[in-house]
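predicted model follows, preceded by the sequence.
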Amino acid sequence: MADFATLTVRYRLQMAIYPWRRLERTPWQPLRVPLQQARIALVTSAGLYRRELDEPFAQMSGGDPSFRVIPDNVEPGTLVVGQTSHAFDHGPAERDLNLVLPLEPLHALVVAGEVGSAAARHLSFNGSITAPGRLVRRTAPEAAELLRGDGVDVALFVPV
Amino acid sequence: MCTQSVGLAAAVFEERGISTACIALVRSVADRLRPPRALAVPFDFGLPLGAAGDAELQLRVLRALLALVTEPGPGPLLREYR
């Protein structure tokens, strides 16, 4: 389990006084089809973006709430781990992107018939969002609509 | 911070008809937020699927995450990865 005690003093202090959010109501969407028929999308918070094609995530007050689209057939070598937070070591994710965007494991499950298909598009956010209002009201709804248009049944979220 | 961000986004996705499951790197954050489905993992920041280069472990974690969406609701559902 990740532990705030392992972070630098600056980050520890920030986490200690941060007003952690609580959902007033937890929504629940039951799985509509058997997993073996479900279309699965991945959503990472590692700030991944495609070199020379996408804008990097921005350092901004409250955090950058935007997202980038990652095609399912992306060449992993073109992806940059662009998380604006350096509270954690980016090295492992840079060596193996499956650690933060598990495309190869997902494709293995498709081949094995354990899930129906991988979505045509996956998503990447920059998870260091201390003021999540814009995420909740604007960009997350846009992201959800994009995946819904792609026929996605299940989204798996991977924080860093 | 990422554990909170993905949980908040997951709730938005559920409201729009997409089933979700989140990895939780910090259990206390997931406990407080109460996202629809979360899997608390015993890994450090930056290592949500376990370890770089360990394809077998990554596959096990992904399977455990997927298993959450087959559980009956309603949520919040918080499970430990073992």
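Perfect, thanks for sending it.

quickly list what the most centrally placed residue in chain A is bridged to.
Within chain A, one residue has its C-alpha closest to the average C-alpha position: by CA atoms, centre = their mean, that is A:Thr44, at 1.7 Å. Here A:Thr44 sits in beta bridges with A:Ser124, A:Val158, going by DSSP bridges.

where's it relative to B:Arg32, distance?
Plainly put, A:Thr44 is 22 Å away from B:Arg32 if you go by CB to CB, to the nearest Å. For the C-beta atoms, the positions are set from N, CA and C on the backbone; glycine is no exception.

what of A:Gly63?
Separation of A:Gly63 from B:Arg32 (CB to CB) stands at 19 Å.

neighbour count winner among those two?
Neighbour totals were compared for A:Gly63 and B:Arg32, and A:Gly63 leads with 23 against 14 (other CB atoms under 10 Å in any protein chain shown).

contacts only, for that one.
By CB atoms under 8 Å, 6 or more residues apart in numbering or on different chains, the residues touching A:Gly63 are A:84, A:126, A:128-132, A:135, B:1, B:5.

which parts of the chain are helices?
Reading this off chain A. According to DSSP state H, chain A carries its helices in the segments A:9-17, A:91-95, A:103-111, A:133-134, A:140-149.

chain B was what I was after
Along chain B, counting by DSSP H, helices occupy B:2-15, B:27-33, B:55-68.

so what touches the shortest one?
Judged by CB under 8 Å, 6+ apart, the contacts made with helix B:27-33 from elsewhere in the structure are A:1, A:20-23, B:3-4, B:7-8, B:22, B:24, B:38, B:40, B:78.

just the buried residues from those residues, in ChimeraX please.
Here the buried members of those are turned into a ChimeraX selection, burial being counted by 16 or more other CB atoms under 10 Å in any protein chain shown:
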select /A:21,23 /B:3,4,7,8,22,24,38,40,78
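
and the contacts of helix B:27-33, which is the shakiest by pLDDT?
Model confidence across the contacts of helix B:27-33 bottoms out at A:Met1, which has 74.

list the buried residues in the lowest-mean-pLDDT helix or strand in chain A.
Least confident element among the helices and strands of chain A, by mean pLDDT, DSSP states H and E: helix A:9-17 (a mean of 84). Using 16+ other CB under 10 Å as the test for burial, helix A:9-17 gives A:11, A:15.

and that helix, how far out from the chain's middle?
Chain-centre distance of helix A:9-17: 23 Å, with CA atoms, centre = their mean, to the nearest Å.

contact partners of that helix?
Taking CB under 8 Å, 6+ apart as the criterion, the residues outside helix A:9-17 that touch it are A:4-5, A:7, A:87, B:1.

of those, which is the most crowded?
By neighbour count, taken as other CB under 10 Å, the most surrounded of the contacts of helix A:9-17 turns out to be B:Met1 (25 neighbours).

now do the same for that one: its pLDDT.
Looking at B:Met1, its pLDDT reads 87.
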